[in-house]
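>>> Provided below are the primary sequence and the corresponding predicted coordinates.
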Amino acid sequence: MTTVYINKQAVEISEGSTIFDAAAKAGIRIPTLCHVENQFPKGACRVCMVDVEGARNMVASCTTPALEGMKITTNSKNVREARKFVVELLISEHCGECKTCVRNEDCELQQLATEMGIMEIAFPGETLKTFIDDSTPALVRDSGKCIKCRRCMTVCNEIQGVGSLFAQGRGFESKIGPAFDRHLDGVVCVQCGQCAAICPVGAITEKEHIDYVWEAIEDPTKFVVVQTAPAIRAALGECFGYEPGTRVTGKMVSALRLLGFDRVFDTNFTADLTIMEEGTELLTRLKKALVDKKQVALPQFTSCSPGWIKYAEYFYPEILDNISSCKSPQQMFGAVAKTYYAKKAGVDPKDIIVVSVMPCTAKKFECQRPEMNDSGFQDVDYVLTTRELARMIKQSGIEFRNLEDGVMDSPMGSGSGAADIFANTGGVMEAALRTAYQIVTGRELPVANLHLQPVAGLEGVKKASLKIEGCLPAWSFLEGVELKVGVAHGLGNAKKIIEAMRAGEEFHFIEIMTCPGGCIGGGGQPRFTTNEIRNKRIGAIYAEDEGKQLRKSHENPEVLQIYEEFLKQPLSHLSHELLHTKYFDRN
Amino acid sequence: MTELKTEMTSCNCGEIQEEELYERLKIIVKSQRTIPGALIPVLQTTQNLFGYLPEKALRIISKELKKPYSEVAGVVGFYSYFSTTPKGKYTVRVCLGTACYVRGGQDVLKALQKELNIGIGGTTPDKKFSLEVGRCFGACGLAPVVMVGDQTFQRVKPTGVGEILNSFE
């Protein structure tokens, strides 16, 4: 342990801590625009200045180790003025009109300027040039607003291991962006939007679909249906002043109805459908391998997370056969909405507009993939992030907090608890095993409260094994098999588990989620997502699951109904046509 | 001489030479793959090989060293030493460090721009000279300083630049 003195108060900290950490431990918040948890300190913004007795200059607290006996001042006229000066310099370059910025009132630079009492532009002069890059389906970059904090670059390179963004050039001309200041579509980018979720200002945001959705809603010839991913209900409340982890499912449904959607459906319905298809696919692969002794691609990887799919298409094309051919729940929904539902409701599919509300920016990319039109039309038309939905609700004047709880429409509004947990890292795995185990043995998954504890939580790579015993006769080939599963979230961790697999570690089934924490930590979720908030949203999702009678996908009556009336059985010809897809080597 | 020229035209020697350079590059990069911090030395070698850093070469480096292309580009863009455009046979560098600046480096630069009829970063149409600005060559006592290739010229006057350039074949 090391003792330092912050504003004369003694603070005990573990060795290797920085001054910033020590202050946090003492309950003192030091302002910063670049430093965030889970990233190495960068010392890029210089806002977190503090005075250290005996030091020649003020130091950046995020990069300075706290040494035994250090006497640190975090609040003095000198310190306050230095920090204000730094923020004034950042503002002098910043090419941003707050009142027309999408991040107005949700901007860390603006907030700090207000806090510090900056009421005028102290150093008028040349500002950065606005350079809009809207070359990709999901993200828009405006380098004029960039304060070069390097959070996006760090998340892209170190957490996701993708490397689309890097510092280009030097000095005033430098930019954070793709190679040689080019557009994002000219480099490898998986569209995960973790950059947009972590940007302190308005330099990277999602590509808005709000206006298209308003237009569709107001067009009397269009029948507009909306689906909401499970992660939305555990996070949307944050945009309306609720504590993180507050579930707002019912209010969300009411709000969507008031916004004017013709039907309010649940992506959970197709999450359950995914489990039926993907679970059957896994069992089929295992049968091929164990009984028919055929060459088959194992382990099977999940396919719900479109950022992961694009990542594999770039970085691991040789394992594309291992990825489940199931479309993501969003895309399954679009495909059945414009076929099964259209027929049932007697609506011409050309008049149906499918809108998704997703915690994700990559879903905007996914819905525009050219192969995602198996219904004969683009299966999903528009994707709103959680943030965009909150903006629409605010635009419409709906008093969200005063809404009564609404219920989803039928027949695509029912979802099991297994579908809810798709939002959490480890959730798809648990949901799949709840169903697969029961199909194989006729008994419930033998774990407490149906939770597969070893694959839950925020550890980056998680593993579990499950011995299959007491198989039904049809599945006797699985008797005694030790089913080995792996779960990774954040693409850097995906890489780790793939490398482990290549090094010979045995797995049968691997779940990958692009974003840290899974969808609850998606690139389209309310800002700012910390681990504490991730855990609260994860807790809310498990509570949603546990509060339901229906907790297994194969027991969802609406799912049984669609098989009976339309698809016949999992992996049927029609299922293959509508619910499955192919992947492409992007090199 | 005549025979040699005919031979060169018929065998498309220029193109083959470039392909050969890329083969050499691949060998070099592969040998450096596991060495930490290999990027900058590899970029230097590549620039020596091609005279500049062509995009194709940078893509190869990115792939072989398993470094994101944006990162490779970021490093190339950071150092003024690296160039992504082809350079002339001789690079003319005018020092505009403090000492050279106050002793008239700027006027020497203007005279060179006029004489070569190119801007900073440009190359003459005959690919003989490229013009660049340097930041202190460490010869402040000799200011203003101009380097042409690896030769240094001291106390250069704007009227003397023509003579310097003429001394290069």
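Sure, I can see it.
>>> ok, now which ones touch whatever residue of chain B ends up closest to chain A?
Residue nearest to chain A within chain B: B:P68 (2.4 Å; C-beta to the nearest C-beta). (C-beta placed from N, C-alpha, C; glycine too.) Listed by C-beta atoms under 8 Å, 6 or more residues apart in numbering or on different chains, the contact set of B:P68 reads A:157, A:162-164, A:166, A:187-188, B:62.
>>> with B:A139 instead?
Contacts of B:A139 (C-beta under 8 Å, 6+ apart): B:95, B:145, B:152, B:154.
>>> just those residues: which are in strands?
Under the assignment DSSP state E, these contribute B:95, B:152 to strands.
>>> intersect the contacts of B:A139 with the contacts of chain A.
Applying C-beta under 8 Å from any C-beta of the partner chain to those, one finds that nothing falls near chain A.
>>> show me which of the contacts of B:A139 are buried.
For those, a burial check counting by 16 or more other C-beta atoms under 10 Å in any protein chain shown picks out B:95, B:145.
>>> let's have the contacts of B:A139 in JSON lines, adding pLDDT.
JSON lines is the format used below for the contacts of B:A139 (pLDDT from 0 to 100):
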{"residue": "B:C95", "pLDDT": "93"}
{"residue": "B:V145", "pLDDT": "95"}
{"residue": "B:T152", "pLDDT": "92"}
{"residue": "B:Q154", "pLDDT": "94"}
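>>> before we move on, the earlier item: in helices, which of the contacts of B:P68 appear?
B:S62 (DSSP state H).
>>> turn the contacts of B:P68 into JSON lines, columns for neighbour count.
JSON lines is the format used below for the contacts of B:P68 (neighbours: other C-beta atoms under 10 Å in any protein chain shown):
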{"residue": "A:N157", "neighbour count": "20"}
{"residue": "A:V162", "neighbour count": "27"}
{"residue": "A:G163", "neighbour count": "24"}
{"residue": "A:S164", "neighbour count": "27"}
{"residue": "A:F166", "neighbour count": "26"}
{"residue": "A:V187", "neighbour count": "21"}
{"residue": "A:V188", "neighbour count": "22"}
{"residue": "B:S62", "neighbour count": "22"}
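>>> out of the contacts of B:P68, which is nearest to A:I91?
Of all these, A:I91 sits closest to A:F166, with 24.7 Å by C-beta to C-beta.
>>> quick check: the closest one vs A:D321, distance?
Plainly put, A:F166 is 32 Å away from A:D321 if you go by C-beta to C-beta, to the nearest Å.
>>> can I take it that A:T205 is in a strand?
Yes. Counting by DSSP: H, G, I helix; E, B strand; the rest coil, A:T205 is located in a strand.
>>> my guess is it meets A:V140, correct?
Yes. Counting by C-beta atoms under 8 Å, A:T205 touches A:V140, with 5.5 Å between them.
>>> between these two, which one's more packed in?
A:T205 (24 against 19; other C-beta atoms under 10 Å in any protein chain shown).
>>> next to chain A, which bits of chain B? Give me the list.
For chain B, the residues in contact with chain A (C-beta under 8 Å from any C-beta) are B:67-74, B:77-78, B:84.
>>> and the closest residue to A:A234 other than its chain neighbours, what does it touch?
Nearest residue to A:A234, sequence neighbours excluded (C-beta to C-beta, 6 or more residues apart in numbering or on different chains): A:A540, at 4.0 Å. Shown in contact with A:A540 (C-beta under 8 Å, 6+ apart): A:233-234, A:245-247.
>>> just these now: which is nearest chain B?
Of all the contacts of A:A540, chain B sits closest to A:A234, with 32.8 Å by C-beta to the nearest C-beta.
>>> for the closest one, give me its contacts.
Counted by C-beta under 8 Å, 6+ apart, A:A234 has contacts A:245, A:247, A:423, A:520, A:537, A:540-541, A:544.
>>> next one: A:D262
Counting by C-beta under 8 Å, 6+ apart, A:D262 makes contact with A:223-225.
>>> for my notes, confirm the residue nearest to A:A234 occurs in a strand.
No. Under three-state DSSP, A:A540 sits outside any strand and is assigned helix.
>>> pLDDT score assigned to it?
Note on A:A540: pLDDT of 98.
>>> next: the one 3 residues further on.
A:A543 is assigned a pLDDT of 97 by the prediction.
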